[in-house]
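Enquirer: structure, please.
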Amino acid sequence: MDNFRQPQLSGRTVVVTGGTRGVGAGIAKAFVQAGAQVVACARRPPEVPVEGVEFASLDLRDPPAVRAFFAALPRLDVLVNNAGGGPYRRLADADAERHARVVELNLLAPLTASLAAYEHLRRAKGAVVMIGSVSGSRPSPGSAAYGAAKAGLENLARSMAVEWAPEVRVNTLVVGMVRTELAHLHYGGEDGVDAVSRTVPLGRLATPADVGAAAVFLASDAAAYISGASLLVHGGGERPAFLDAATANKEM
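Expert: Got it, this is the predicted structure:
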């Protein structure tokens, strides 16, 4: 490990959408540690500011405001489309308009931001990092609209990587379960987190810093020949349920 060198992004400007808490804050912090100037944009300011990160108030579902925000930047080298999420909601429990808002935030907002940032990124020969999810590649009951949007985001990134080459590289981080300050809402406290962690081959949930380190790598010169790729950050995925079922059957 003595020969390991963290990618350096000194002199580069990075925008992290939704970069004020959870995974987004971890990504913003990782870019600061790599020497970048970082702007985190979200609707609300952070409850716990990250040192070295500038905050900008922005509703990513307001295209004119998004275009104005990026037009006012003096330069931009990296865009991390992290803002997203959605409530647990079964399909039949809400109308199509409610599900459409989840798709808007997780798919259309990254497209809007990327288009608004394009001229900056083209001049800088920069990079876009999409924050995807394993929900985009497997059934996601209770978050179907979210999973569908993340599947679309990954495909959008691949097409964008072809259309915007060679000036702009575009990649996706396909993120698994992450332990954030809101983990208890999803997994039910420490016992729940421990139980869920045992389903991951590496034995733990990701941290925001894990995702941040991967984002810095994809944005750096160390990934200069990587574009249109999807990097799995999920600890090895999920242990197949049939293995546990087969083991339980043998023990009976």
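
Enquirer: and stretch 162-175, average pLDDT?
Expert: Model confidence over stretch 162-175 averages 98 on the pLDDT scale.

Enquirer: ah, wrong one, I meant stretch 237-252
Expert: On average, stretch 237-252 scores 70.

Enquirer: can you pull out the helices in this structure?
Expert: In the chain, the helices defined using DSSP state H lie at 22-33, 63-71, 96-103, 109-124, 144-163, 183-187, 189-197, 208-219, 241-251.

Enquirer: sort out which residues of stretch 30-42 are buried, please.
Expert: Ala30, Phe31, Val32, Gln33, Ala34, Ala36, Gln37, Val38, Val39, Ala40, Cys41, Ala42 (16 or more other CB atoms under 10 Å). Where C-beta positions appear, they are placed from N, C-alpha and C, glycine not excepted.

Enquirer: is it possible to get JSON lines of the residues you listed that adds pLDDT?
Expert: As requested, these are exported to JSON lines (pLDDT from 0 to 100):
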{"residue": "Ala30", "pLDDT": "97"}
{"residue": "Phe31", "pLDDT": "98"}
{"residue": "Val32", "pLDDT": "97"}
{"residue": "Gln33", "pLDDT": "96"}
{"residue": "Ala34", "pLDDT": "97"}
{"residue": "Ala36", "pLDDT": "98"}
{"residue": "Gln37", "pLDDT": "98"}
{"residue": "Val38", "pLDDT": "98"}
{"residue": "Val39", "pLDDT": "98"}
{"residue": "Ala40", "pLDDT": "98"}
{"residue": "Cys41", "pLDDT": "97"}
{"residue": "Ala42", "pLDDT": "96"}
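
Enquirer: nearest to Leu73, of these?
Expert: The nearest member of these to Leu73, counting by CB to CB, is Val39 at 7.7 Å.

Enquirer: quick check: pLDDT value at Ala25.
Expert: pLDDT, Ala25: 95.

Enquirer: isn't it right up against Pro46?
Expert: Yes. Between Ala25 and Pro46 a contact is recorded at 6.8 Å, counting by CB atoms under 8 Å.

Enquirer: who's more crowded, the two?
Expert: Ala25 (27 against 16; other CB atoms under 10 Å).

Enquirer: now do the residue nearest in space to the middle of the chain against Pro74, distance only.
Expert: For the chain, the residue nearest the mean C-alpha position is Ile131 (2.3 Å; CA atoms, centre = their mean). Remark: distance between Ile131 and Pro74 (CB to CB, to the nearest Å) = 25 Å.

Enquirer: now swap in Leu121 and tell me
Expert: For Leu121, the distance to Pro74 - CB to CB - is 14 Å.

Enquirer: what about the closest residue to Leu205 other than its chain neighbours, how many residues close to it?
Expert: Once flanking residues are discounted, Leu205 sits nearest to Arg179: 4.1 Å by CB to CB, 6 or more residues apart in numbering. Neighbour count of Arg179, defined by other CB under 10 Å: 19.

Enquirer: ok so, going back, compare Leu121 and Pro74 (neighbour count), which wins?
Expert: Leu121 (23 against 6).

Enquirer: give me the pLDDT for that one.
Expert: So Leu121 comes in at 98 (pLDDT).

Enquirer: what's near enough to touch it?
Expert: Neighbouring residues of Leu121 by CB atoms under 8 Å, 6 or more residues apart in numbering: Leu76, Asp77, Leu79, Ala127, Val128, Trp164, Glu167, Val168.

Enquirer: now do Arg169
Expert: Counting by CB under 8 Å, 6+ apart, the residues that Arg169 touches are Gly126, Ala127, Val128, Ala161, Leu218, Ala223, Ala224, Ile226, Ser227.

Enquirer: quick one: the residues you listed as TSV, columns for distance to Leu105 too.
Expert: Below are these laid out as TSV (distance: CB to CB, whole Å):
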residue	distance to Leu105
Gly126	23
Ala127	22
Val128	17
Ala161	22
Leu218	22
Ala223	27
Ala224	31
Ile226	27
Ser227	25
